[in-house]
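Student: Predicted model and sequence below, questions to follow.
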Amino acid sequence: DFNLSECDPEVRSIIDKEKERQFRSLELIASENFTSRAVMEAVGSCLTNKYSEGLPGKRYYGGNEYIDELEILCQERALAAFHLDGKNWGVNVQPLSGSPANFEVYTAILNPHDRIMGLDLPHGGHLSHGFMTPKRRVSGTSIYFESMPYRLDESTGLVDYDMLEKTATLFRPKLIIAGASAYPRDFNYPRMRKIADAVGAFLMADMAHISGLVAASVVANPFEYCDIVTTTTHKSLRGPRGGMIFFKKDLVLGIDLESAINNAVFPGLQGGPHNHTIGGLAVCLKHAQSQEFKNYQNKVVSNCRALADRLIELGYKLVSGGSDNHLVLVDLRPLGIDGARVEKILDMSSITLNKNSVPGDKSALVPGGIRIGSPAMTTRGFTEQEFVSVADFIHEGVQITVEAKKAAPGSKLQEFMKFVTSTSFPLTHKVSD
Ligand code: PLP
């Protein structure tokens, strides 16, 4: 029984370097966080050794008495963390991650080629909400289902609900998805419920980015209006990498959601659950019910506001003019630069964030903005004051990029920028994660 340093110094060394990188950088990617030592202990435990296809009490292998106990505990904690009673809501904690969770929902309630509507990816949506380009069906969720995106009103940066309503009336989707990877505002769930009801569609929320904020009741609650809610577990919720699907224990549009979703997860699309992840998730969901967690989520939001306010003070244009949640989207186009170069310059200074398309981008190849999130650095103890400094540091990186753009051909600065961009991966659109 060798430890990692003895049996594989190569992998040990890579892990050490990554740990050092995480430690040294300002981590501002809105979908990332630092999970706790307790979660990592569970994830790195013997739970990884066990096969347990099926659900508690109905497994395909023996030896699952403790795994059953763990999964039931995790389910109970998941419902409690989101203030749900087990009579009306159920949860499946086995999805391997957010994208599989979404595909499992579609498999459960749709037939191949049924119609879905999600927020368009260049306007902040996620690949797994049916993303396709004019040339290509990119995501399996647009290959196997017919997808018609809804979009933002480019003048306000807010979801264009009127247009969604009009399009839904014509397109008559079977599923409407509320949720995003790069949307700084709350969704209007009551309005979306009305639209879904009017066209006979299911309403699903994908709260992946905001699930920690939902658990702490610091943003609007999708459970009040949706039939199904999916989430990843490693973003603002601060757990291990995984996914969950919450469903109404009801017959909705003629479908028994509980059995349809459970069957879509297994045997539909997955095999054995990752029990080590379920162990880590149970730990995270216990914590999610604590006052400390609520305080943390409040700080995630107030830190993000401090960041947004400072950026506005510095003259930046934010999509939607600010933020209700954990992220801001900065539109860099008024400065004549794009997000890709700023991302690279900041990366060189150990400031990690991502380029992001912003509404109105002419080409998805050159995203005009950057996305900045507060969860990870709030976990590391940053306060509003530090987030003001973060805005100032980002401003420095942006100024360098602006200067470089103006630099004379052949100047040192322009050569430097050439070097910077040539060492980067191609400056193509990077899909928000
Ligand atoms: N849904 C949303 C809104 C997301 O932002 C993401 C990922 O960032 C996912 C789903 C997919 O999660 P995963 O990367 O775990 O598949």
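Tutor: Everything's here; your move.

Student: how deep is the residue nearest to residue 161 when sequence neighbours are not counted tucked in, by neighbour count?
Tutor: Nearest residue to residue 161, sequence neighbours excluded (CB to CB, 6 or more residues apart in numbering): residue 191, at 5.1 Å. For every residue, glycine as well, the C-beta is placed using N, CA and C. Other residues near residue 191 number 16, with proximity taken as other CB atoms under 10 Å.

Student: ok, now how distant is residue 191 from residue 372?
Tutor: Residue 191 sits 28 Å away from residue 372, taking CB to CB, to the nearest Å as the criterion.

Student: now swap in residue 121 and tell me
Tutor: Here the criterion is CB to CB. By it, residue 121 lies 19 Å from residue 372.

Student: Get me the contact residues on the stretch 1-150 of the chain for the ligand.
Tutor: With CB under 6 Å from any ligand atom as the criterion, the stretch 1-150 of the chain meets the ligand at residues 31, 97-99, 126, 128.

Student: among those, who's most crowded?
Tutor: Busiest of those [other CB under 10 Å] is residue 98, holding 30 neighbours.

Student: can you give me how far the helix or strand harbouring the residue nearest to residue 161 is from the chain middle?
Tutor: If you go by DSSP states H and E, residue 191 is part of helix 189-199. Relative to its parent chain, helix 189-199 has a centroid offset of 23 Å by CA atoms, centre = their mean, to the nearest Å.

Student: Residues in contact with it: which ones?
Tutor: By CB atoms under 8 Å, 6 or more residues apart in numbering, the residues outside helix 189-199 that reach it are 161, 164-165, 168-169, 172-173, 176, 178, 201-203, 205, 220-222, 224-226.

Student: just the buried members of the residues you listed?
Tutor: 161, 164-165, 168, 173, 176, 178, 201-203, 205, 220-222, 225-226 (16 or more other CB atoms under 10 Å).

Student: which stretches of the chain have low pLDDT?
Tutor: 1, 413, 416-433 (pLDDT under 70).

Student: try 50
Tutor: Applying pLDDT under 50 to the chain flags the ranges 423-433.

Student: By proximity to the ligand, which residue of it wins?
Tutor: Closest approach between the chain and the ligand, counting by CB to the nearest ligand atom: residue 98, at 2.5 Å.

Student: does residue 87 really touch residue 249, like I thought?
Tutor: Yes - counting by CB atoms under 8 Å, residue 87 does reach residue 249; the two are 7.0 Å apart.

Student: more neighbours, these two?
Tutor: Taking other CB under 10 Å, residue 87 and residue 249 do not tie; residue 249 has more neighbours (14 against 8).

Student: residue contacts, the more buried one?
Tutor: 87-90, 257-258.

Student: Repeat the analysis, applying 6 Å as the threshold.
Tutor: With contact set as CB atoms under 6 Å, 6 or more residues apart in numbering, residue 249 has these partners: 88, 90, 258.

Student: Among these, the buried ones, what's the PyMOL command?
Tutor: In PyMOL, this line selects whichever of the contacts of residue 249 come out buried by 16+ other CB under 10 Å:
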select buried, resi 90+258
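
Student: coming back round to it: CA atoms only: put the helix holding residue 191 into CSV for me.
Tutor: Listed in CSV are the C-alpha atoms of helix 189-199, where the atom choice follows Å, rounded to 0.1, in the frame of the first residue of the first chain:
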residue,chain,number,x,y,z
TYR,A,189,-39.5,32.0,-13.2
PRO,A,190,-43.2,33.1,-12.7
ARG,A,191,-43.2,34.5,-16.2
MET,A,192,-41.5,31.4,-17.7
ARG,A,193,-44.0,29.2,-15.9
LYS,A,194,-46.9,31.1,-17.5
ILE,A,195,-45.3,30.7,-21.0
ALA,A,196,-44.7,27.0,-20.4
ASP,A,197,-48.2,26.4,-19.3
ALA,A,198,-49.6,28.3,-22.2
VAL,A,199,-47.9,26.0,-24.7
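
Student: Nearest to residue 136 among the buried ones among the contacts of helix 189-199?
Tutor: Nearest to residue 136 among these is residue 173, at 20.9 Å by CB to CB.

Student: Test my guess that the closest one contacts residue 117.
Tutor: Yes - with contact defined as CB atoms under 6 Å, residue 173 reaches residue 117; the gap is 4.5 Å.

Student: Which one of the buried ones among the contacts of helix 189-199 is nearest to residue 294?
Tutor: So of these, ranked by how close each gets to residue 294 (CB to CB), first place is residue 221, at 14.2 Å.

Student: Leaving out sequence neighbours, find the closest residue to that closest one.
Tutor: In this structure, residue 221 finds its nearest non-sequential neighbour in residue 214, 6.1 Å apart by CB to CB, 6+ apart.

Student: tell me which element the one you found is part of?
Tutor: Mapping residue 214 onto the secondary structure by DSSP H and E places it in helix 211-215.

Student: what distance separates stretch 370-386 from the centre of its chain?
Tutor: 16 Å.

Student: Show only the entries of the buried ones among the contacts of helix 189-199 found in helices.
Tutor: 161, 164-165, 168 (DSSP state H).

Student: Surely residue 343 forms part of a strand?
Tutor: No - per DSSP: H, G, I helix; E, B strand; the rest coil, residue 343 lies outside any strand segment and is helix.

Student: Could you tell me which residues make contact with it?
Tutor: Contacts for residue 343 (CB under 6 Å, 6+ apart) come out as residue 355.

Student: can you tell me how far it sits from residue 329?
Tutor: Applying CB to CB to residue 343 and residue 329 gives a distance of 13 Å.
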